[in-house]
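**Q** sequence and predicted structure below; questions after.
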Amino acid sequence: FVQEVVQEVRMKCLTLFTVGLLGAALATTHLKETFDDGWKERWVESTHKGAEAGKWEWTAGEFYNDAEADKGVKTAENARFYGLSAKFEKFSNKEKTLYIQFSVKHEQNIDCGGGYVKLFPSGLDQADMHGDSPYNIMFGPDICGPGTKKVHVIFTYKGKNHLIKKDIRCKDDVYTHLYTLVVYPDNSYEVRIDDNKVES
């Protein structure tokens, strides 16, 4: 599997990320990324959009608790496409609870942008990753104008994407928020924002 921190979308935001992917049954951590020094060796930037692709910056952002410890990756240019992925070992969550968790901070009032995670099949061409690349799960906040401020939860089954039909409002302020998707062995799910259950 490969994880995409931000789906290829036109971004008009500056976003910081910390990413975690856990399988809870035996507390196996499949991917944990704190974006410390050396993160660029672990992540691949998509070159699919060429000159329209934005640059990533390693920073704690405009405000933080500790300038070094709070560093993450930030989208550094407005109105660009962003795609970043990291490989991890193939796994199955059959009969196990799966946790997908990451933090996002939108430091400016954004008009349109997403800060979501996708889990891809292991055969993804990371350098050519784009919005139509097939994925297994997509999860995270999406903001587009005053009318769209929601958390996407999309599961792919037999080649079809299934968007949950419930409206989950995302946070649209400038603070760091923790987004968690829990997928249970019975195929039920739970969405948490800042560790508060907001949907199941």
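**A** Right, received. Where do you want to start? Residues are numbered from 1 along each chain as shown.
**Q** so where's this protein shaky on pLDDT?
**A** By pLDDT under 70, the low-scoring segments of the chain are 1-27.
**Q** try 80 this time
**A** When the per-residue scores of the chain are filtered using pLDDT under 80, the ranges that remain are 1-27, 108-114, 145-146.
**Q** how near is Leu98 to Ile164?
**A** 16 Å (CB to CB, to the nearest Å). Placement of C-beta: from N, CA and C, glycine included.
**Q** looking at the two, which one has more neighbours?
**A** Using other CB atoms under 10 Å as the criterion, Leu98 and Ile164 rank with Leu98 on top: 23 against 14.
**Q** my guess is the more buried one contacts Asn187, does it?
**A** No. When contacts are counted by CB atoms under 8 Å, Leu98 is not listed as touching Asn187 (10.8 Å).
**Q** now stretch 66-76, how far from the centre of its chain.
**A** Averaging C-alpha coordinates over stretch 66-76 and over its chain gives two centres that are 16 Å apart (CA atoms, centre = their mean, to the nearest Å).
**Q** for stretch 85-103, same thing?
**A** On the basis of CA atoms, centre = their mean, stretch 85-103 is displaced by 12 Å from the centre of the chain it belongs to.
**Q** list the buried residues in that stretch.
**A** Within stretch 85-103, the residues that count as buried by 16 or more other CB atoms under 10 Å are Ser85, Ala86, Lys87, Phe88, Asn93, Leu98, Tyr99, Ile100, Gln101, Phe102, Ser103.
**Q** one more: stretch 114-131?
**A** Gly114, Gly115, Tyr116, Val117, Lys118, Leu119, Phe120, Leu124, Gln126, Met129.
**Q** and the fourth one, what are its bridge partners?
**A** It refers to Val117. Under the criterion DSSP bridges, Val117 forms beta bridges with Phe139.
**Q** on contacts alone, who are the packing partners of the host helix or strand of Lys149?
**A** Assessed by DSSP states H and E, Lys149 sits inside strand 148-157. Under the contact definition 3 or more CB pairs under 8 Å, 6 or more residues apart in numbering; DSSP states H and E, strand 148-157 sits against strand 137-144, strand 160-163, strand 189-193, strand 196-199.
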